[in-house]
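# I would like to see how this sequence folds:
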Amino acid sequence: MEPIITNNKNNNDKVFFIIGASSGIGLSVTKQFISAGYKIAATSRSKDNLLKVFNIHDESRFLALENDLLDDKKIKETIDQVYQHFGRIDVVFSNAGFGIAGVTEEISDENLRSLFDINFFASASVLRHVTEYLVKGSHVFMVSSFGGFHPIPSNSAYNATKFAMDGLSESYAEEVEDLGIKVTIINSGSFASSFGSGMKPAARDLKEKYSAIYKKTHELVNNLEYKDPTKFAEIVLEVTESASKAPLHLFIGPDANNFANIKIDRLVKELKENELLTTQRFLTPSV
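Below you'll find the predicted structure:
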């Protein structure tokens, strides 16, 4: 593979730190930031694979690192190494994760814990340790899913990890707002990547019992358009370099926006319909 050529010299000192850079959305976003002139600190399970994918061997511009996301101590050591190497971290893109397909009754405790270890606890570790090095103007992107706002049928464990990530990220955003650190949660729609092929099965198979919900999932998946991840990457770079206030939630893709609006409409309807039950009795009558 030919090395990626940097076209923009405006960001020569800025450092882009990405967790999960070697494939899919992470690969596209990393390429976009390389082309924009950022220095890159990229992590994956294999350093050799990163060097093969990007073919950049100049460590003053591109630092490839192996990272064990199951080990909080090693996550901290990786982040410390990035800062010691470049002296700054400007943009964080937390992207690692996988899925387990299945309804709640099919998911074992081991399934659930393994999924939370990567999708939630690793992300929490990154936030906990990278914040020490962030300054005013730094930007943190947490890659979630529309499933972290509107559940995806027969994906209860995956949904739960993304709901948890969104809750952590929203809390974190409030905590660091006065420090001038920007936070954006990306509730992504469907994009062409290896994510789907990496989905793992649940511990039990109860598809016959839950045939209706699996049919619903099948129809949903068949109707999704798996979009070009390059367009995703362009949006991330544009938000990073915008002078405007960073959005807390970014629902990227028409599908993500559609599912968000469906849930918002339903919530507004339920709030209104149950107002007498949940609110009115607590109000002091006017004299």
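
# quick check on residue 227: phi, psi?
phi -80, psi 170 (degrees, to the nearest 10).

# same check on the one 3 residues further on?
Note on residue 230: its backbone torsions stand at phi -60, psi -40 [degrees, to the nearest 10].

# what do you get for residue 34?
According to degrees, to the nearest 10, residue 34 has phi -60, psi -50.

# run a quick check on it versus residue 56, I expect a contact.
Yes: Residue 34 lies in contact with residue 56 (Cβ atoms under 8 Å); the separation is 7.4 Å. The C-beta positions use only the backbone N, C-alpha and C, and glycine is treated the same way.

# these two: which is more packed in?
Remark: of residue 34 and residue 56, residue 34 carries more neighbours, 23 against 18, as counted by other Cβ atoms under 10 Å.

# low-scoring stretches of the stretch 151-287 of the chain, by residue?
Applying pLDDT under 70 to the stretch 151-287 of the chain picks out residues 193-198, 286-287.

# next, the buried residues of stretch 38-48.
By neighbour count with 16 or more other Cβ atoms under 10 Å, stretch 38-48 contains the buried residues 38, 39, 40, 41, 42, 43, 44, 47.

# residue 225 versus the last one, what's the distance?
Right, residue 47. To residue 225, residue 47 is 34 Å away according to Cβ to Cβ, to the nearest Å.

# same check, this time on the third one
To residue 225, residue 40 is 30 Å away according to Cβ to Cβ.

# coming back round to it: distance to residue 93 and pLDDT for the buried residues of stretch 38-48 - can I get that in a markdown table?
Below are those laid out as a markdown table (distance: Cβ to Cβ, whole Å; pLDDT from 0 to 100):
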| residue | distance to residue 93 | pLDDT |
| --- | --- | --- |
| 38 | 11 | 97 |
| 39 | 14 | 97 |
| 40 | 10 | 97 |
| 41 | 10 | 97 |
| 42 | 10 | 96 |
| 43 | 10 | 95 |
| 44 | 13 | 91 |
| 47 | 18 | 92 |
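
# nearest to residue 273 among these?
residue 43 (47.3 Å; Cβ to Cβ).

# that closest one in helix, strand or coil?
What DSSP: H, G, I helix; E, B strand; the rest coil gives for residue 43 is strand.

# run a quick neighbour tally on the nearest residue to it once chain neighbours are set aside.
In space, not counting the residues next to it along the chain, residue 43 is nearest to residue 67; the distance is 3.8 Å by Cβ to Cβ, 6 or more residues apart in numbering. Neighbours of residue 67 under the rule other Cβ under 10 Å: 23.
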